[in-house]
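Peer 1: 3D model of this:
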Amino acid sequence: MPTAPPARRKRLQYPRILLKLSGASFAGSKPYGIDWLFVRRVADEILSVARAGAQVGVVVGGGNIWRGKTAAQEGMERGNADYVGMVATVINALVLQDFLEREGAETRVQTAIEMREVAEPYIRRRATRHLEQGRIVIFGAGSGNPFFTTDTAAVLRAVEVGATVLMKATNVDGIYDSDPHANPRAKRLPHISYLDVLQEGLGVMDSAAIALAMDNDLPIIVFDITVPGNILRAALGSRIGTLVNRGAPPRARKS
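Peer 2: Model prediction:
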């Protein structure tokens, strides 16, 4: 049985969604590890989107367990450090799968590094078929390549499976013109173009991810995952967070 009945898909703004969950989101309010209550709530929200009719893929990070860049700064070879981080993302993928399946969802985990005992290898056509059948597909191990972030992997998977939007879940309510933690006068930008994100160096995603999205006209919604219900609101097209696409008017440059 498909997770989502096709008859209800018309009410959704985005029929096929790629959701990017950072490793930090798995930690919730904790400094590291997994916040079980928080992940359960996120799993429930993902399931609500699927039951509303969306086809849902999820790319997960691993920063709640391991950060390759930090390990490299401590002297570890960067390539090896990144591969350890890919394994961490698979841990999070399997945790999310467990929560979803306990609620009755049909899921598949696919990994860019083969781990056949616990997940399918990533195959684009198979992933697309799972989505068409109403299964929630969780992508682990990033792109399978060191030196690339899971944000870039999320854009890559979104483009490959034909997602209509990339929804990036963060701990802030969108993109700001400066760091809102450091500048209390920072302003949230409801709409911004890919070029402005790149030219102003706004750190919502790495430049490779933004450039790949721009090349493929993939809209990105950046929103606050800590607010319950925001995943479904974004899928329905509610005006939350920040929309990144080609359509935003150019912003005035700071002098």
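Peer 1: mind listing what's buried along the lowest-mean-pLDDT helix or strand in the chain?
Peer 2: Least confident helix or strand, the chain: helix 68-73 with a mean of 88, by mean pLDDT, DSSP states H and E. Burial within helix 68-73, assessed by neighbour count using 16 or more other CB atoms under 10 Å, is assigned to Gly68, Ala71, Ala72. Bear in mind the C-beta positions are built from the backbone N, C-alpha and C, glycine included.
Peer 1: can you lay out those residues as CSV showing distance to Leu232?
Peer 2: Shown next, in CSV, are the buried residues of helix 68-73 (distance: CB to CB, whole Å):
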residue, distance to Leu232
Gly68, 32
Ala71, 36
Ala72, 37
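Peer 1: just the closest of these to Glu132, please.
Peer 2: Gly68 (33.6 Å; CB to CB).
Peer 1: mind giving me the packing neighbours of the least confident helix or strand of the chain?
Peer 2: In terms of contacts (3 or more CB pairs under 8 Å, 6 or more residues apart in numbering; DSSP states H and E), helix 68-73 is packed against helix 78-102.
Peer 1: off-centre distance for the next helix or strand after the helix it packs on?
Peer 2: Downstream of helix 78-102, the first helix or strand assigned by DSSP states H and E is strand 107-111. Centre-to-centre, strand 107-111 and its host chain are 15 Å apart (CA atoms, centre = their mean, to the nearest Å).
Peer 1: check stretch 191-198 too.
Peer 2: Computed by CA atoms, centre = their mean, the chain-centroid distance of stretch 191-198 equals 18 Å.
Peer 1: for it, buried residues please.
Peer 2: By neighbour count with 16+ other CB under 10 Å, stretch 191-198 contains the buried residues His191, Ile192, Ser193, Tyr194, Asp196, Val197.
Peer 1: any weak-confidence spans in the protein?
Peer 2: 1-10, 248-255 (pLDDT under 70).
Peer 1: that one: strands as residue ranges?
Peer 2: 16-21, 55-60, 107-111, 120-121, 136-140, 165-170, 175-176, 188-189, 191-193, 220-224, 242-245 (DSSP state E).
Peer 1: using CSV, write down the CA coordinates of the first one.
Peer 2: Backbone C-alpha positions of strand 16-21 (Å, rounded to 0.1, in the frame of the first residue of the first chain) are rendered in CSV as follows:
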residue,chain,number,x,y,z
ARG,A,16,7.6,15.7,-4.9
ILE,A,17,9.8,17.0,-2.1
LEU,A,18,13.4,16.5,-1.1
LEU,A,19,13.8,17.4,2.6
LYS,A,20,17.3,18.1,3.9
LEU,A,21,17.6,17.3,7.6
